[in-house]
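sequence and predicted structure, then a few things I'm wondering about:
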Amino acid sequence: MNSYRNAVLLCIFFIAAGTLVPAVSARFATSEGPNAGIGNGDTVFLGERNVNFSAFADPAKGELRQMVRIEDGEPTDPIQIADFVATSIPRGIAVNARYYPVYYDPATGTFTDPDTGTFCWVQDAGAYLGDLKVRVYDIDITPTPALARPETIPYTMGVQFLLPENTLPVTEFNGPWYEYELKGTVKTTEVVNLDGEHLSLEDLSGNPAEENRRFAFTFADQDAVDRDSRATMTFRMTLNDLDYERSWTFNVQDYSLALQLADTSTERGKDLGLTLHGVPFTQYVLSLEKAPDYPFFSGGGWDSKVSDFKITAHPGWDGTAALRIEIPRAAPLTTYAVQAKDPDTADQPVSATFIVAAPSGSTSDLVFENPELDDYSYALGDMIKLHGWCKNVKEKIPIYLYATGPNLHENGAPLTDPTREVVDGDTSTFTVTYYDPFFNRWDYQWWTHYYARAGCEGETYTVHANFDPIGYIYSAPDGAGSFEGDAPPAWEIALNEPTINAKFDERSGSVFAQGDRLYSWWHARGSPGLTGIAATHGHLKWYIFGNNFRYADYDAHFPIYEGSSSSGSLLDDNGQGDLPIGVYGFDYARNFTYDLTPGEYYIVYQHPGRNNQFDLLPENNPYFRGRVNEVVDATNKVPSARVGSLEAREAAQALTDALDSPYVDDIYVMDTFTVEKPRITISSPGDVAVGEKLTVKGTTNLAGENKAADDVEVGDELALTVSRLDLDAGHKGNAAMKFKTIYTYPSTKPDPATGKRTFVFEDVETASWYPGQYLITVECKDARYKQTLSFELLGEGVRRDTTATDPAHDPALSENPSHPAASSTLSWEEEDEEWPTPYQTTVPTTTPQQSAGLLPVAACAFLLAALIPPRRW
């Protein structure tokens, strides 16, 4: 009896265990591929092909036909499935969402509701990859950061290419799912690694973010890449024919050790610039002749200083290291040499020589060109190009610059620090540039941010140039004069306060239809966000508030200079430069306005102000983009603006109140715009007979032709098609008309009274048509909207007040043709467009419960039946 009870308990245990053991959520191999099988909670990507959903099979519910997401309680964005396989994951469906199985019951001919007990995620692989970077090996100095994306990679440096920022669910993948391809003079998927192993870069299955020395190599060991050339590394996802790529094109350079002096001749009491050229992150030893009052290393830039005459230094990613040599005032007037050597090689050291000579020249030989450009006036924060040339000067010599003006020291201040005073004879207190006799010019870019940051007001300042380190008191027109008694040249420069203005294009009228590109223009004075002398791009932020919409965005790379986005240069051959006008704007793809609720929106543009630093930050992040709940004061002097819980107008007001605080240096401007549902109205064509020209016209609120700041066309193209409504498609004599789609754009400017734009399709030929009912369709695929109108084409020569005696007969028509009623229709089509920045959603770890099915239950029942002793009758 006890054995019988134990057997029963054992069976119950197996049944419970079978129902409680969870299934591991990961892709599995099927006949479609090693990663084709999708389990509960797995992620699929847009564009994948032949994806197997057999893990979602449930015969009790019917045939698996679709995977859908749920929006507002309704299934949408279906993934079609046949025989458990989806031939493709459509690119137009929503991402960052769960998709649930839908079954079809053949017995009833109906579909089930989505089964929310199981699901898969749908994502866009592009939002997960990040950028390709390299980790370097076998070098003297470790770069900071260790992972980098330089413009140039040394020919002899060991590098491993990675995707360190990828957030792909790699633990779900089974077997090979990606590869690399290197393209130089030829393409290759095989490299020779640092250990001499021939290594294939195809059919890889590890995490591309993980460091692995086995995959490191030098370009010098590869036949596919030449020294001093261009190369491209491509990461490619091969997951189920996804074929998603990330490419990086860079320079491959074979560096050699060299020294470059800023000048071959200098004077006592001055500094001499020295540039070390060599393999990046290789440490070199540099030395000067050691003797009393001899030139010595100063100013830093080295790794270690053994003595004033011996240092170690390494080039950065650009292959250079900037150093300085100081010339004592008592230095002998002679020739000096500086040497550099790689201590790990037997190569001979390289050297460069310079002469310390006596000063010469007169300020009358110094020419300072007017820095004002046309009628443009600069603002605090702008980069001003100072330039000139010299007479009777055959050598490269220093030019000393300083400024005088309101609240500056009487003797003048350097252009980099208005709080300091220039000291006669002390070159370190002046701003120094150099005259190049080869080009017969000297240049200096004055970044007035230094003056704005120090609290200088928008005033007029005078910039002076001199051959000698002498300030204003001694060299002024009424002073003792400069070296030769001549007053140095100078120019007055007016600096205005930074400002921000913004507007929507006059052609858009600040009204946009859902599906339009949303774009705007701004004029940001004072070079907001400029990061340095070599920079040409700025940083601006903006916030959009509307019905259930709180959004923050930024552009940290908009072109400040007129034409700088294309030229990349601040000065032309004549010393004239692009103006720092700061005119640009944003441009959102159509998906942005698709999801905006019709209504009024407030937009606030934020400029970092005079200190060039944003005091208020969305979510306390200078590079935040997305739905914003809180705008935080980085200085902790102003309460945060909690815009996420406020209505649109109140949110905008809360933000501008915070920006108006006396503790906040940022400046702003606010504007509004309106979003409407797309509308197309087609006017009746009137009486049109066969052979007459058909004109289709109407009105719409869609956008006319125009271009945004990024030069992208923002117009909504309209397409016209005309089709027969009363054709008998099966008739052998079907003479169905063939109509070529015609395209046009709405008018550029809206009607001031109605706000609508007109459109017209003229001279549509009807000579080959037959009388009957026709349907006009005007469609805008960009906005996913169309409108239709039916009309009757009369017989040739017929008017509605006359009767045709022998109307033409179209053999394609049935004997009793039916004429469908005309109606206006609207349709939406999916389009593969992305938000300005894709949002990544972390997939929650799920532990789906796997049913044991009927087989274990049946087996246990059979065992119970066998153990129960038969009753006697």
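Sure, I can see it. Numbers count the residues shown, from 1 in each chain.

which parts of this protein are helices?
With DSSP state H, the ranges of helices along the chain come out as 2-20, 126-129, 449-453, 472-475, 564-567, 590-594, 648-659, 854-867.

and the fifth one, average pLDDT?
pLDDT averaged over helix 564-567 equals 40, rounded to a whole number.

wait, doesn't Glu457 sit right on Pro418?
No: applying Cβ atoms under 8 Å as the test, Glu457 and Pro418 come out as separate, 10.9 Å apart. (Glycine included, C-beta is placed from N, CA and C.)

what sits in contact with each of those two?
Asn407 (Cβ atoms under 8 Å, 6 or more residues apart in numbering).

of these two, who's got more company?
Between Glu457 and Pro418, counted using other Cβ atoms under 10 Å, Pro418 has the larger neighbour count: 24 against 13.

how about the strands of the stretch 701-850 of the chain, start to end?
Using DSSP state E, counting those that start in this stretch, the strands of the stretch 701-850 of the chain run over residues 718-724, 742-744, 757-764, 772-780, 785-794.

check the stretch 1-150 of the chain too.
Secondary structure of the stretch 1-150 of the chain by DSSP E, counting those that start in this stretch: the strands cover 28-30, 33-37, 43-45, 49-52, 63-71, 74-80, 85-88, 97-105, 110-111, 120-123, 133-137, 147-148.

okay if I get those as CSV plus distance to Gly319, mean pLDDT and mean neighbour count?
Shown next, in CSV, are these (distance: least, Cβ to Cβ, whole Å; pLDDT from 0 to 100; neighbours: other Cβ atoms under 10 Å):
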stretch, distance to Gly319, mean pLDDT, mean neighbour count
strand 28-30, 48, 89, 16
strand 33-37, 42, 91, 22
strand 43-45, 39, 95, 22
strand 49-52, 45, 95, 21
strand 63-71, 51, 96, 20
strand 74-80, 51, 96, 15
strand 85-88, 47, 95, 18
strand 97-105, 48, 96, 20
strand 110-111, 65, 94, 13
strand 120-123, 40, 95, 22
strand 133-137, 14, 96, 20
strand 147-148, 14, 94, 16
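
dump the ones you listed to a markdown table, plus distance to Glu165.
A markdown table is the format used below for those (distance: least, Cβ to Cβ, whole Å):
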| stretch | distance to Glu165 |
| --- | --- |
| strand 28-30 | 28 |
| strand 33-37 | 22 |
| strand 43-45 | 17 |
| strand 49-52 | 26 |
| strand 63-71 | 27 |
| strand 74-80 | 28 |
| strand 85-88 | 28 |
| strand 97-105 | 23 |
| strand 110-111 | 41 |
| strand 120-123 | 15 |
| strand 133-137 | 8 |
| strand 147-148 | 9 |
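
would you tell me which of these gets closest to Gly269?
Nearest to Gly269 among these is strand 147-148 (39.6 Å), distances taken as Cβ to Cβ.

contacts for the closest one, please.
Here strand 147-148 has contacts from 133-136, 162, 164, 317, using Cβ under 8 Å, 6+ apart.

just checking, Asp615 touches Val664?
Yes: under the criterion of Cβ under 8 Å, Asp615 makes contact with Val664 at 4.6 Å.

for stretch 272-291, measure first residue to last.
Start-to-end span of stretch 272-291 (Cα to Cα, to the nearest Å) is 18 Å.

correction: stretch 364-382
Using Cα to Cα, one end of stretch 364-382 lies 29 Å from the other.

buried sites along that stretch?
By neighbour count with 16 or more other Cβ atoms under 10 Å, stretch 364-382 contains the buried residues 366, 368-369, 371, 378-382.
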